[in-house]
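Chemist: Fold the following and give me the result.
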Amino acid sequence: MATAEFDTSRPVLITGAGGFVGKNLVATLRTRGYSDLLLFEKDDTAETLAEYCRKAAFVIHLAGINRPKEASEFYSGNAGLTDTMLSLLEQAGNACPVLVTSSVQAALENDYGKSKRLAEQAILAHGERTGAPVYVFRMEGVFGKWCRPNYNSVVATFCHNIARGLPIQVRDPDFSLPLVYIDDVVACILNALEHGEAVRDAQGICRIHPVHTVTLGQLAETLKSFAKARGGAAAEALGSDGLPTLAVPDLAADSFEKKLYSTYLSYLPEEDFAYDLAMHCDARGSFTEFLRSPERGQVSVNISRPGIVKGNHWHHTKNEKFLVVKGEGVIRFRRIDSDKVIEYHVSGERLQVVDIPCGYTHNIENVGAGEMVTVMWANEAFDPEHPDTFALPV
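Modeler: Numbering: from 1, shown residues only. This is a model prediction of the structure:
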């Protein structure tokens with residue numbers, strides 16, 4: 001049952017706040033105006049946890065162990081810490097809502113899975129004893145910014161290594177990975193915190209949505225394509241010529257590739273945020289492709305010197321948009337079966353997009369005293385095998 005809207009001034013206890021999920025959650029809560037975050041870390045004392053458990057209006061339990069030196073640490077760091085926290089809440093008579101993040105491995109019989117299952121059971125039993133609302137989120141593999149590479153996330157490791165031209169290991173390309181994106185994890189936690197709502201399965205376990213499934217081979221190849229798009233040393237390490245392909249992935253609102261692309265860029269070395277473009281220069285100026293996408297076309301930058309005319313061609317299906325951002329120019333059109341010439345005067349002083357319709361031959365002339373810079377978008381990336389470009393003076 002949904003609860004009343006949560007007051008952002010009320011205290012929220014977050015254990016494991018410095019971890020991957022915790023950092024993203026805390027950053028989001030702060031942007032939403034939460035002013036009393038009780039952040040508990042592994043180096044904090046039991047007295048601190050007890051104080052926080054007395055004060056908390058909502059508990060988000062993220063802390064846990066997943067790569068210990070001894071198997072016994074699974075139980076002390078997962079089930080043990082959960083039991084301690086719940087005991088402190090009950091001693092304080094605090095029946096506030098409690099949310100815990102668990103793992104789909106809780107259904108397995110390894111030590112990590114069993115320790116997570118014990119923590120889940122403790123949370124559910126606490127809810128039955130005290131009447132506190134409880135949320136047990138079993139999560140698939142989480143990916144996104146700030147996840148530690150070479151630890152327990154194949155996505156983080158692949159992103160880190162590929163961005164640096166380092167090798168990766170793909171032992172079984174057909175191995176299937178169910179993944180959830182960090183922003184979706186945070187959104188589901190917020191939905192429980194602020195509205196008391198969660199998607200639950202038949203056993204009452206909360207689930208993150210959506211879940212993206214990809215094979216290990218597909219993951220590796222997609223990330224490699226991101227490196228090749230930017231070119232440079234990382235692309236050369238993958239066997240390319242190092243020139244950027246400039247490709248951007250499917251950026252549909254909830255697509256896996258969009259989320260993975262954002263994740264990959266967050267792992268770039270700080271000295272490698274920039275990459276060079278190939279400028280095609282001649283006496284007239286230059287033409288430089290910026291990016292391309294099979295679904296969204298191509299963006300380029302055209303620089304023309306004074307008095308230069310470019311274009312004088314037409315297209316069957318390709319359409320373009322011209323935006324002069326510096327200088328002054330005239331764009332001229334003529335339908336190929338007509339003698340009528342249409343003119344549009346353009347200037348960087350007044351940003352105006354001019355559509356280039358199909359079936360019209362067109363050109364653009366720099367009529368100013370300095371360089372004219374035009375941003376150009378085409379609905380399809382240029383294909384030399386099928387250029388759809390036919391020379392014809394306006």
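Chemist: give me every residue that touches the closest residue to Leu277 other than its chain neighbours.
Modeler: Leaving aside its sequence neighbours, Leu277 sits nearest to Thr288 (CB to CB, 6 or more residues apart in numbering; 5.1 Å). The way it works is simple: take the backbone N, C-alpha and C, and place the C-beta from them, glycine included. Applying CB atoms under 8 Å, 6 or more residues apart in numbering to Thr288 gives the contacts Leu277, Ala278, Met279, His280, Ser300, Val301, Asn302, Ile303.
Chemist: Relative to Asp276, how far out is Thr288?
Modeler: Distance check for Thr288 against Asp276: by CB to CB, to the nearest Å, it reads 10 Å.
Chemist: again, but for Gly370
Modeler: Gly370 is 24 Å from Asp276, by CB to CB.
Chemist: count of residues packed around the closest residue to Asn319 other than its chain neighbours?
Modeler: Nearest non-adjacent residue to Asn319, counting by CB to CB, 6+ apart: Asn379, 5.2 Å away. Neighbour count of Asn379, defined by other CB atoms under 10 Å: 14.
Chemist: Is it correct that Asn379 is in contact with Glu295?
Modeler: No - the criterion here is CB atoms under 8 Å, and Asn379 misses it with Glu295 at 10.0 Å.
Chemist: who's in contact with Thr28?
Modeler: Val186, Leu190.
Chemist: And for Glu295, the neighbour number?
Modeler: Residues contacting Glu295 under the criterion other CB under 10 Å number 10.
Chemist: ok, which stretches of the stretch 51-200 of the chain are helices?
Modeler: 72-74, 81-91, 111-130, 154-163, 182-195 (DSSP state H, counting those that start in this stretch).
Chemist: For Ser240, which of those is the nearest?
Modeler: Each of the helices of the stretch 51-200 of the chain has some distance to Ser240 by CB to CB; the shortest is helix 154-163, at 12.3 Å.
Chemist: what sits up against that closest one?
Modeler: Contact with helix 154-163 is made by 141, 143, 147-151, 166-168, 177, 179, 216, 219-220, 223-224, 226-227, 234, 238, 260, 263-264, 266-269, 272, as judged by CB under 8 Å, 6+ apart.
Chemist: hmm, 7 Å instead?
Modeler: When contacts are defined by CB atoms under 7 Å, 6 or more residues apart in numbering, helix 154-163 is touched by residues 143, 147-150, 167-168, 179, 219-220, 223-224, 227, 234, 263-264, 267-269.
Chemist: ok, of these, which come out buried?
Modeler: Buried by 16 or more other CB atoms under 10 Å: 143, 147, 149, 168, 179, 219-220, 223-224, 227, 234, 263-264, 267-268, out of the contacts of helix 154-163.
Chemist: Could you work out the most separated pair of those?
Modeler: Within the buried ones among the contacts of helix 154-163, Leu179 and Ala234 form the most distant pair, 22.5 Å apart (CB to CB).
Chemist: before we move on, the earlier item: specify which member of the buried ones among the contacts of helix 154-163 is nearest to Tyr52.
Modeler: Of all the buried ones among the contacts of helix 154-163, Cys147 has the smallest distance to Tyr52: 25.6 Å, by CB to CB.
Chemist: pLDDT value on that closest one, please?
Modeler: pLDDT recorded at Cys147 is 96.
Chemist: show me where pLDDT drops low in the stretch 51-200 of the chain?
Modeler: In the prediction, the stretch 51-200 of the chain carries residues with pLDDT under 70 at positions 64-79, 109, 111-112.
Chemist: The helix or strand in which the residue nearest to Leu277 is found - what's its average pLDDT?
Modeler: Thr288 belongs to strand 285-293 when assigned by DSSP states H and E. Mean pLDDT, strand 285-293: 95.
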